[in-house]
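Peer 1: Just a sequence and a predicted model for now, questions to come.
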Amino acid sequence: MRLYLTEGNPHCLKVVAAVELTGSRCELQFVGVEERVVPFLAHSKLPCLQLDNGNYLFSTNAICQYLFTLRGKEPSDLTNQWLEWEGTELQTALSGALYMAVVQGKREEAAGALQKKCAYIDQSLMKRSCPFLAADAITVADIVLWGALYPLLSDSTFLPGDLKALRSWFERVCAVAACRKAVESILKGKGLQALKPYLQKQPAPSQRAETPASNEPEGGESADRVLTEEEIGAAAESWSKGLSAWPKPKPIEHPVLPQPNEKNVLITSALPYVNNVPHLGNIIGCVLSADVFARFCRLRNWTTLFVCGTDEYGTATETKALEEGLSPQQICDKYHAVHAHIYQWFGISFDHFGRTTTQRQTEISQDIFRRLLDRDFLLQDTVEQLRCESCQKFLADRFVEGTCPFCNYEEARGDQCDKCGKLINATELKSPQCKICKGTPVVKSSKHLFLDLPKLEARLVKWLEDSMVSGNWTPNARFIARSWIRDGLKPRCITRDLKWGIPVPLEEFKDKVFYVWFDAPIGYLSITANYTDQWERWWKNPEQVQLYNFMAKDNVPFHSVVFPCSLLGAEDNYTLVNHLIATEYLNYEDGKFSKSRGVGVFGDMAKETGIPADIWRFYLLFIRPEGQDSSFSWSDLLLKNNSELLNNLGNFINRAGMFVCKFFEGRVPEMELNDDDKRLLAQATWELRQYLQLLEKVRIRDALKCILNISRHGNQYIQANEPWKRIKGTDADRQRAGTVTGVAVNMACLLSVMLQPYMPSVSASIQEQLLAPPQCNVLTEEFVCILPSGHQIGAVSPLFQKLETDQIESWRKRFGGQQPDEGSANQSKTEAKPAAETKAAAAEDAGKDADPQRAKQLAEEVTKQGEVVRELKAQKAEKAVIGAAVTKLLELKKQLVLAEGKTPEAPAQKGKKKK
């Protein structure tokens, strides 16, 4: 291995200490600050560790963790928590404090900026009463935090006397020989002054006030930054280059295939189950998030393949088919088209959207199965299963509900508890219930095949640690995967007593099919194989391909443990996930999405509102549940549309274009930059680089903030310079108006490119209005003059429309479900009104809520569902299936009555009347 370092780089302290402490055989090589060691990065990233296999690690914490792991020092959960805290919390405050102390000479302010973080470490040490952060012996957490803090805390004036636990810990780590050697190697006995040449060449860190946690993107509006003269000069120089030396966008030629010596990115989003119409939470959790990243990768000129498709096998499909009087294949065909239409409307840019009911899926699944069988990674066992005698079938796990045996959650599924996240065998549920007929199932025996996870555990653990160190795994994905390992792996059943599925290719098991969670992830491979015969260049090429999986957190166990074990056991050089990106859950208003109760916006309904797809995309990405659950709110949608889009982003872009048309006959005017203009270019460049760094780490929500910050700076720039006034003044005033207008319209063009991953239609509209050259659709770290003086732009028109409160209230009511109002909930507390009066009042209220268009739609649905019920009865279908269809019909009729503005009749009372 070779470790590339820079003298005076404070980040090098921890990695050199890690090398010395672990005794790693590693060549240390000092290089210049600007030297680009990693060939696929556009800028220098140091320190950097080149592995023996040619791969690179360029996150300091990842390097340290990797070195410790090589020596068998596995990190504990507490160690990992400290590493994540250092990277996300401490470094934010520390970078600013270090810059203030060393470059600006503001030592007192620097100490103040670090005070809260130091107090937190001190309190944590006191609570644990341990000599080190995570254990009785030194760990990677101690090295990482020590290396980060050393440049400042080595000066005793930075460490308040009351933080005794922190002081003791710091002195204890400083005394370690490896740490002393690291200090000598990087600081050369010069202390803080050794860092000054390095820090002066770096962008000044943003100084942001600490804010309480919320669902808003981190940071909000960007604070004013102290820009160095070097940054301002570099930004002006980049601007002057224009598009003359700009890289050309890479044309997309299908099939997209990985290329040698290039960055090859393979992106998957969790396969949506075919018989469910996706709601907004499903859309943001996988396909929309993956689409943003795929579009970003293409703008970076990386070779990018984005695949997805519908997951179509399993009991849920069989049941849906019976309910609708269709065959399972017909159901799959019908709902695959529904999914494809929804994603097309949302602008999801799949390279291929496939499905799992294909011959390729059968071939690849059975091949992996045979390889696992040949290598003795499968077990046979007789298992007890839940069988519903009323439905006359073994029940798939997801068609059993009951009380979780671990946390007592009452709506746990037969395969997993959504509350505690633990995997469950259906027979372990307390008070199990058949979801189809609500009956109580009985336990019966059946012989099945199991994937021997314990036998594969050692391979899995090694792969997991390597992947987590070198890749971007979201914190929830790391936690869930590690909790599975910590709890111990057990053999996992991979077969089911069903008809609709991939047959098990063994005579003894010919009446069984693969469990959907064994073959569903294989769908990524088969969908790619249906896209290109050269699919193995993506899926059996871990040396050249970086794989990103996008999903909601409930899918993490299968993608981080079960599926990787299948591929590891197959021993066929499969590409395994490098970056597992999992979201938390998106809720609807104050509750959950529910199709049956009519609560929430589902994919097929979003279009009906008349709100453009890009507005939905923007809002879902603005509230993307990255660190915690978030909620869709109609009021918040109105606020974000009218403030962030209409008044901020749209206002700036529209004004910039209108000034060109109104004052300069549609041609970009001559520009003579002064210091204020150059400072604005530097500010926009800094936001652009932040945007790139955040998206490379798949922090999609935070990167969106950078776009809004640029337009906010642009609005302030226009307002301060008032070109509409200057155009009427002296020659110098008119020249100034031209410069401001030219800079502003170029910022609008830059924003059109940065917006493309988030709002592709709006991006295209801006570029059409500005007649922007196609060559601009590449993202680098430089902001150049894209539209030079004399460039002709097109007709300019507003990008966004205002949302009104009455519209929002109408949609809130429509998608709020049929729930009792406050008056009915409190009826028992008040004296009952006479029946006739109550009925008349109810009829009057209901009349106000009539929705003729909705009523017409529901009338058609009632007719169709009535035909379904009649066909099921004619076919003498199972009672449970007929009952479910009748229940659906009654619910549709109830909704129809309400949509017609009538009052539903109370159900007739059964039983004998009292005499």
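Peer 2: Cool, got the structure.
Peer 1: check which helix or strand covers the closest residue in space to Met468 that isn't next to it in sequence.
Peer 2: Nearest residue to Met468, sequence neighbours excluded (CB to CB, 6 or more residues apart in numbering): Arg478, at 5.9 Å. The way it works is simple: take the backbone N, C-alpha and C, and place the C-beta from them, glycine included. Using DSSP states H and E, Arg478 falls within helix 475-487.
Peer 1: for that helix, what is the average pLDDT?
Peer 2: Averaged over helix 475-487, pLDDT sits at 90.
Peer 1: Would you mark the buried spots in it?
Peer 2: Neighbour counts over helix 475-487 (16 or more other CB atoms under 10 Å) mark Asn476, Ala477, Arg478, Phe479, Ile480, Ala481, Arg482, Trp484, Ile485 as buried.
Peer 1: shouldn't the second one be in contact with Asn555?
Peer 2: No: contact criterion CB atoms under 8 Å: Ala477 and Asn555 do not qualify, at 9.7 Å.
Peer 1: Spit out the residues that contact these two alike.
Peer 2: Ala582 (CB atoms under 8 Å, 6 or more residues apart in numbering).
Peer 1: how near is the residue nearest to Met468 to Gly657?
Peer 2: 45 Å (CB to CB, to the nearest Å).
Peer 1: do the same with Asn549
Peer 2: Applying CB to CB to Asn549 and Gly657 gives a distance of 40 Å.
Peer 1: and what of Ala748?
Peer 2: For Ala748 relative to Gly657 (CB to CB), the value is 7 Å.
Peer 1: higher neighbour count, the two?
Peer 2: Set Ala748 next to Gly657 and count neighbours by other CB atoms under 10 Å: Ala748 wins out with 29 against 25.
Peer 1: residues contacting the more buried one?
Peer 2: Phe652, Ile653, Ala656, Gly657, Gly714, Ile766, Leu770.
Peer 1: Can you lay out those as CSV showing secondary structure, distance to Pro521 and pLDDT?
Peer 2: Formatted as CSV, these follow (DSSP: H, G, I helix; E, B strand; the rest coil; distance: CB to CB, whole Å; pLDDT from 0 to 100):
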residue, secondary structure, distance to Pro521, pLDDT
Phe652, helix, 44, 96
Ile653, helix, 42, 97
Ala656, helix, 47, 97
Gly657, helix, 47, 97
Gly714, helix, 45, 96
Ile766, helix, 38, 98
Leu770, helix, 43, 97
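Peer 1: Which members of those define the maximum pairwise distance?
Peer 2: The largest distance within the contacts of Ala748, taken as CB to CB, falls between Gly714 and Leu770 and amounts to 14.1 Å.
Peer 1: Output the longest helix belonging to this structure.
Peer 2: Using DSSP state H to define each element, the chain has its longest helix at helix 731-755.
Peer 1: quick one: contacts of the helix holding Arg478?
Peer 2: So helix 475-487 is contacted by 77, 80, 84, 421-423, 457, 460-461, 464, 468, 473, 553, 556-557, 560-561, 580-582, 584, 627 (CB under 8 Å, 6+ apart).
Peer 1: Next SSE downstream of that helix?
Peer 2: Sequence-wise, the next helix or strand downstream of helix 475-487 (DSSP H and E) is strand 492-493.
Peer 1: show me the contacts for Leu576.
Peer 2: Trp463, Ser467, Pro542, Leu547, Pro564, Leu567, Leu568.
Peer 1: again, only using 7 Å
Peer 2: Contacts for Leu576 (CB atoms under 7 Å, 6 or more residues apart in numbering) come out as Trp463, Ser467, Pro542, Leu547, Pro564, Leu567.
Peer 1: Distance to Pro441 for these - can I get that in JSON lines?
Peer 2: Converted to JSON lines, the contacts of Leu576 look like this (distance: CB to CB, whole Å):
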{"residue": "Trp463", "distance to Pro441": "38"}
{"residue": "Ser467", "distance to Pro441": "39"}
{"residue": "Pro542", "distance to Pro441": "43"}
{"residue": "Leu547", "distance to Pro441": "39"}
{"residue": "Pro564", "distance to Pro441": "32"}
{"residue": "Leu567", "distance to Pro441": "34"}
